[in-house]
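In: Attaching a predicted model along with its sequence, questions to come.
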Amino acid sequence: MAAITYDMEIPSSISANKMFKAFVLDGDTIIPKVLPHAITSVQTLEGDGGVGTIKLTTFGEGSMHKSVTHRIDGLDKENFTYSYTIIEGGALDVFESISYHIKIVASPDGGCICKNRSIYKPKGDAQVSEEEIKAGKERASGIFKKVEAYLLTNPDAY
C-alpha cells in the first residue's frame with residue numbers, strides 16, 4: 001500500500017512565537033502537564049534537543065500503546081518548523097514508518113495556524129481505515145488545543 005499523507009490546519013488565538021515555544025520547544029514539559037492521563041512523560045535519550053535527538057514518550061494507562069521513540073529530523077526556531085519520525089514502538093507493528101511535519105504560521109489576527117502533515121507508510125499490504133486516520137487527527141488536534149488552553153489560562157507563562 002502506498003504512503004498515506006494527511007494535512008491538517010488548526011487555528012489558534014495564541015501568537016506563532018508563543019505557541020511554537022510551548023508546543024514544540026517546551027512540549028516535553030507542557031504536554032504531560034496538560035494531558036497527564038494520556039502522556040506521562042517525555043525523556044531525551046540521546047542528543048541536545050536539536051536534529052538527531054532521540055526521545056521516548058510514555059503513554060498513560062489504558063493507552064493503545066505503552067510508548068514510542070522518535071527522532072527529531074528538523075527544527076527551525078526562526079521559521080517555526082519541526083519534524084520528527086517515530087522509530088520504535090507505537091503503531092510500527094503496522095507501519096514501516098510514521099513521520100510528522102509541523103509548521104506554525106502567524107495569522108492576520110495575531111494568532112497562528114498549526115499546519116501539520118502526517119505521513120504513514122504501511123507495511124506490506126496492511127490496511128488502514130478512515131476511522132484510524134480520523135482518530136489520529138483528533139488526537140493531534142486535541143493535544144494542540146490543550147496547549148492552547150494552558151496558554152490562555154496562564155498568559156504570563158511565556
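Out: Now that the structure is in, tell me what you want to look at. Just so we're clear, the structure is a prediction, and the values are computed from it rather than from any experiment.
In: quick one: the residue lying farthest from the centre of the chain and Ala2, what's the gap?
Out: The outermost residue of the chain relative to its centre, with distances by Cα atoms, centre = their mean, is Asp125 at 26.3 Å. The spacing between Asp125 and Ala2, counted by Cβ to Cβ, to the nearest Å, is 11 Å. Glycine gets a C-beta too; all of them are placed from N, C-alpha and C.
In: And for Gln43?
Out: Gln43 is 34 Å from Ala2, by Cβ to Cβ.
In: quick one: contacts for the residue positioned nearest the centre of the chain?
Out: Closest to where the C-alpha atoms of the chain average out (Cα atoms, centre = their mean) is Ala140, at 6.3 Å. Applying Cβ atoms under 8 Å, 6 or more residues apart in numbering to Ala140 gives the contacts 8, 116, 118.
In: wait, is the last one part of a helix?
Out: Going back to what we said before, that points to Ser118. No - the assignment for Ser118, made by DSSP: H, G, I helix; E, B strand; the rest coil, is strand rather than a helix.
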